[in-house]
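Novice: Here is the input, now give the coordinates:
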Amino acid sequence: MYRQPVLKNRRTLLERADKFISDVYFTDCNLRGRLYGDSCPLESLASFLSSKRITFTEAFQQTFAPHKVGDTFGPTWWTCWFKVTLTIPESWRGKEVHLLWESDGEAMVWRDEQPVQGLTKEGEKTSYILSDCLRDEEPHSVTLYVEMACNGLFGAGQGSMIAAPDPNRKFSVQKAELVVFNRDVRELLTDFEMLIDIVKELGEGEQRGYQALFTVNEMVNLCDPSDPGSFSKAHSLAHAFFSQRNGDSQHTAHAMGHCHIDSAWLWPYEETIRKCGRSWVTVIRLMEKNPDFVFTCSQAQQFQWVKSWYPGLFSQIQHYVKKGRFIPVGGTWVEMDGNLPSGESMVRQFLEGQRFFNHEFGIHCKEFWLPDTFGYSAQLPQIMQGSGISNFLTQKLSWNLVNTFPHNTFFWEGLDGSKVLTHFPPGNSYIMEGKVEELMNTVKNNKDKGRANHSAVLFGFGDGGGGPTQLMLDRLHQVQDTDGLPKVQTSSPDQLFSQLQADSALLCTWTGELFLELHNGTYTTQAQIKRGNRQCEALLHDVEIASSLALCRNRTFQYPVEKLQELWRLLLLNQFHDVIPGSCIEMVVEDALRYYEDIRRDGAALLHEAFGALGSKGNSTGVFNSLPWERHEVIQIQDGAGTPGLALVRVPSIGLTPVKDTQPVAPVSVTSQADGTILMENGILQTVVNKDGTLASLYLINANREAVSDSCHGNQFVMFDDVPLYWDAWDVMDYHLQTRKPVLEVVQPPHVVSSGGLRGSVSFTLRISDKSTIKQEIVMDAMCPYIKFNTEVEWAESHKFLKVEFPVQVRSPNATYEIQFGHLQRPTHRNTSWDWARFEVWGHKWADLSEHNFGVALLNDCKYGYSVHKNTMTLSLLRAPKAPDVNADMGTHHFTYAVMPHTGSFQDASVIQCGYNLNFPLKSIQCTADTEPWSAFSVSTAAVILETIKQAEDRKGALVVRLYESHGSSVTATLCTTLPVREAWHCDFLERQQYPTQPARITSEGVTLNFSPFQIVSLLLIL
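Specialist: The predicted structure follows:
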């Protein structure tokens, strides 16, 4: 093979080959310099600038002015449309002809009024193929349009990728010309690149690495860049090397095209629509040229956008979906955050996503696809299984800051015992490029060697879109079965998971949540988004229940199917994993808050309509309770003259009653003490408010127990310095805990606002800094087992973190946190690195710290970040990051939290119910004075919660109800209803009957149901 013995000077030979294909060195005489042949200027280039994202039809009608290459345009987020007129020289017959287009924006080529290809320098797509081999009959004169977005693949960050966008950035086209593309040079460059990378990756200890080195060196000897006739000899050498096969035991990499597109992140939602168009039309072009190419694509919302903005492209996608090559994956509306959405929201992600994919493509996804989310709830396996999904793919836990997750392929067991086969691609990326290094990492990093011999390789530019390139496909094709590398096969998620399932006998099981040890600032960042999410989830819950009851009580009522779907889809969109976490630019925050306002406005109107149908439009005040237990609470009412007042009302479960004021067992009393403190008492609790607004004491009267730790104060506001290592909006680091400073400066000391009766309250104001203040009202209601803290914060800080602490007289190694459809425990100590990494955790409406027979719960109405260390319970309130939104969280914030000491377990003390009560306030409804109190549903045991009542998706006059076991117990429950239910059927989350021949048991009491711990049950009720 070699004419002379080759010295084993690895460095010189390797660098020689490297320089031979360099795009920096020796391009006058190396192979890279021959990639393009002749070039020819465009006949004309003209442009038109638009501040809005307009359709092709609108752009086509504009007046285009002459444009020179190098001219700048902008600013950021505008669009520049180009009209490109070109004539291909006759002499280029038989040549491959490209339009070479290099710019710093993202572009789409339009031809014959259709989008044909995306162009982006960052995504290595800088040419549009005009002809593979120019023939006489092909058009030589062509007019194209190029739609160029004034933003890059990752937005327009000022100074760094995640910095706030530079609003005044200017953009330019650096190159726009016709070129002859030398395909044989491209193919040979790929041979060289793959061999050089094999040398580098296999290192000096491998015989195979030296074989690659000597092969590539001989190829340099044989190849004369100026003589294409010499290429075939060099190519033959490479082919001989790549054709040396692997043994049967070699690891198999399942290569799938992929293009992760964040539905919003460093760019607004509207730009994502164009990112989808640019990326997916390029995928279609690649499919036309590469018959084996398979592409995976998630997020039903993005398909919906493409369907409405690019109907022609959507038809092409449908064609390739039928062929099994363009594969919708994930089954959800968007790739949502895995921590913060409620359980019902997660179910709706799958319901909306799977129904969309079934309607448009006739398929249901079998795998959940969530590669880039900041942790995964322990209830996801059960929600997946209930949505027809048994496989799960992600890789984000490879980002863990402290501990290395011990598996790549394993069974993940959820809170209720449901299991899903889970795969983390060992290459630790979802944006691979088909390079040797990635393939080697796929083998090297596999933590389940001997247990799993198959892995996913997801290739294609991502996050900001872009997707696969021809070069990536060529690389992977070259090394399909090459000794020394894993086998590479074009594959689909179904093939991969089938293979993993077939070989799953030795796989391990991971039980409980998949907690990401990073990005735990996202539980708190952009508090307005968190509040919008929680409130809109509650509003849609109430609208669906009221509308379902109205449907049964009033035959003329029309259930608002279309409007509810529209509002749910908006809410689900905002649960995307860079929106609800708050890790997005200011434009996205503005869009998200506007969507929440739309949901609030339209949801309130729907609720009003449903209440009108329910309450017979009388002129007496009634109260509606959307929760499945009787409530005895103080509410605000207005008398006939519109004067506000209070009433203590008793409202039946999921029902309504006219306001009938009842008397409390013990009224509230609020008294100022001689020492300046204030004593509040309601017969259940007694608390002493200090002169700085902290609690000196919180006493549970019947139990004779003090909740606040000795010589400590409850309701202590604390500030921390909050400067992470890089990911500003995302991360809070463990070292922030070393910077704790109590908020001590009192502007207005506590004073009595309401001295008692049905409600007592105390108000005070603290100064955080010269820019920020806290104003708080401490509220104690009659008959209420918790104290509420209604809080208003004026916030203008920079890189600070505000929390509130409650040191309590409880000793327990674990605290309990509410999650979706249940709760879980996390340690309160820091014994191991796994414990330490959970210094800031997420939870939903409550967290509880209990020892035997006594505990304290912390409730909230819109917060998600918690920390319980030893006996101090902390709720995270506000952050102040400066990237990617320089104004994140600045302004006025309103939120409520509550503290609830209790005897017994938190389950027996109704902490779960109190968390709901705080988040789902009783609603005023107009009714007639003689309206009888009425309850539509109740459940026989407090352990089972009726979470959802809605109209069935495909059956008018049928309801779907969803219940879950909330205590962690096995229990038999009866769902009692006053509605005329004829039949009840178990169904899954997609509302498909689970046992078509076996209805649920209905007795005179109601529907009898058996639950295992944390089980979620859906029923189809036929009325």
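
Novice: the longest helix in the protein is where?
Specialist: helix 586-614 (DSSP state H).

Novice: Ramachandran angles for residue 769?
Specialist: phi -160, psi -180 (degrees, to the nearest 10).

Novice: Now residue 976: which helix or strand?
Specialist: For residue 976, the host element (DSSP states H and E) is strand 971-977.

Novice: orientation of whichever helix or strand comes after that strand relative to strand 971-977 in degrees?
Specialist: On the C-terminal side of strand 971-977, the nearest following helix or strand under DSSP H and E is strand 983-987. Counting by axes from the mean of the first three to the mean of the last three Cα atoms, to 10 degrees, strand 983-987 lies at 130 degrees to strand 971-977.

Novice: Which strands or helices does strand 983-987 pack on?
Specialist: If contacts are counted by 3 or more Cβ pairs under 8 Å, 6 or more residues apart in numbering; DSSP states H and E, strand 983-987 sits against strand 1016-1022. Every residue, glycine included, has its C-beta placed from N, CA and C.

Novice: Quick check: buried residues in the strand it packs on?
Specialist: Across strand 1016-1022, burial judged by 16 or more other Cβ atoms under 10 Å covers 1016, 1017, 1018, 1019, 1020, 1021.

Novice: Let me know the secondary structure of residue 823.
Specialist: Under DSSP: H, G, I helix; E, B strand; the rest coil, the three-state class of residue 823 is strand.

Novice: Is the nearest residue to it once chain neighbours are set aside bridged to anything, and to what?
Specialist: Closest residue to residue 823 apart from its sequence neighbours, by Cβ to Cβ, 6 or more residues apart in numbering: residue 816 at 5.2 Å. Residue 816 has the following beta-bridge partners by DSSP bridges: residue 825, residue 848.

Novice: Now do residue 816 against residue 915, distance only.
Specialist: Using Cβ to Cβ, to the nearest Å, we find residue 816 at a distance of 12 Å from residue 915.

Novice: Could you check which of those two has the larger neighbour count?
Specialist: Neighbours were counted for residue 816 and for residue 915 using other Cβ atoms under 10 Å; residue 915 has more, 27 against 24.

Novice: That one should be in a helix, yeah?
Specialist: Yes - Residue 915: assigned to a helix according to three-state DSSP.

Novice: Now for it: which residues touch it?
Specialist: Each residue near residue 915 by Cβ atoms under 8 Å, 6 or more residues apart in numbering is listed here: 818, 844, 845, 846, 857, 859.

Novice: Residue 507 now?
Specialist: Going by Cβ under 8 Å, 6+ apart, residue 507 touches 409, 410, 411, 421, 448, 451, 452, 500.

Novice: quick one: contacts for the residue nearest to residue 823?
Specialist: 823, 824, 825, 847, 848, 849, 850, 906.

Novice: where does the last one land in three-state SS?
Specialist: Yep, that's residue 906 we're talking about. Assignment for residue 906 (three-state DSSP): coil.

Novice: how near is residue 719 to residue 804?
Specialist: Per Cβ to Cβ, residue 719 is found 11 Å from residue 804.

Novice: so what's in contact with those two at the same time?
Specialist: By Cβ under 8 Å, 6+ apart, no residue touches both residue 719 and residue 804.

Novice: Looking only at neighbour counts, state which of the two leads.
Specialist: Set residue 719 next to residue 804 and count neighbours by other Cβ under 10 Å: residue 804 wins out with 25 against 19.

Novice: Which strands border the helix or strand that contains the more buried one, and is each parallel or antiparallel?
Specialist: Using DSSP H and E, residue 804 sits in strand 800-807. With DSSP bridges as the test, strand 800-807 is paired with strand 716-721 (antiparallel), strand 872-879 (antiparallel).
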